[in-house]
Every structure is written in C-alpha cells, then in structure tokens.
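>>> need the 3D shape of this:
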Amino acid sequence: MTRACPGFYVLDINTSIEWYRDFLHYDCTYQVPDEDVPPYAIVSNGDVSIHLCRDPSGEYSGSGFCYIE
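The predicted structure follows:
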C-alpha cells in the first residue's frame, strides 16, 4: 500500500466543496467536468485528499469509505 484516501457520501457535492473550502481550507482538485451537479469530486489540502460521492437519496449520506492504493 502506498496511501489511503478517505471518502464520504454527501447529499450535495457543491455544498460540501464550499464547506471544505471555507472551513477547512481545502481546494477542489477534481470534479466530474461539465455537470452542474457533479456526482464525484476530490478536495485536497497538502498531502491529504478526501473523495466526495453524491448520494441524492440520502441512504448512505454521512457514511464513508476508504480508497487504498
């Protein structure tokens, strides 16, 4: 293993990106292009990246996952 990247299911990607930017000083380093409501984004601060996956149903929102390389 070389790194682990945590991820969270969220109701609204854009609102989550704003929250990470405004309160934790993360930058959005990737989001699915050409979508008003992106289904996936990555926010980063230094060497730390967090993956955000949209869960419009709310069934999984608040839960997370971990991507391991």
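
>>> show me what contacts the residue most central in space within the chain?
Closest residue to the average C-alpha location of the chain: residue 52 at 2.1 Å, with CA atoms, centre = their mean. Contact analysis of residue 52 by CB atoms under 8 Å, 6 or more residues apart in numbering lists 7-8, 10, 13, 16-17, 40-43. Glycine gets a C-beta too; all of them are placed from N, C-alpha and C.

>>> JSON lines please, covering those residues and showing distance to residue 25, secondary structure and pLDDT.
Compiled in JSON lines, the contacts of residue 52 are given as follows (distance: CB to CB, whole Å; DSSP: H, G, I helix; E, B strand; the rest coil; pLDDT from 0 to 100):
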{"residue": "7", "distance to residue 25": "19", "secondary structure": "strand", "pLDDT": "95"}
{"residue": "8", "distance to residue 25": "17", "secondary structure": "strand", "pLDDT": "95"}
{"residue": "10", "distance to residue 25": "18", "secondary structure": "strand", "pLDDT": "95"}
{"residue": "13", "distance to residue 25": "18", "secondary structure": "helix", "pLDDT": "91"}
{"residue": "16", "distance to residue 25": "15", "secondary structure": "helix", "pLDDT": "95"}
{"residue": "17", "distance to residue 25": "13", "secondary structure": "helix", "pLDDT": "95"}
{"residue": "40", "distance to residue 25": "21", "secondary structure": "strand", "pLDDT": "94"}
{"residue": "41", "distance to residue 25": "16", "secondary structure": "strand", "pLDDT": "95"}
{"residue": "42", "distance to residue 25": "15", "secondary structure": "strand", "pLDDT": "96"}
{"residue": "43", "distance to residue 25": "10", "secondary structure": "strand", "pLDDT": "97"}
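
>>> need the residues you listed in JSON lines (columns: distance to residue 30).
Below are those laid out as JSON lines (distance: CB to CB, whole Å):
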{"residue": "7", "distance to residue 30": "12"}
{"residue": "8", "distance to residue 30": "15"}
{"residue": "10", "distance to residue 30": "15"}
{"residue": "13", "distance to residue 30": "11"}
{"residue": "16", "distance to residue 30": "14"}
{"residue": "17", "distance to residue 30": "11"}
{"residue": "40", "distance to residue 30": "8"}
{"residue": "41", "distance to residue 30": "6"}
{"residue": "42", "distance to residue 30": "4"}
{"residue": "43", "distance to residue 30": "9"}
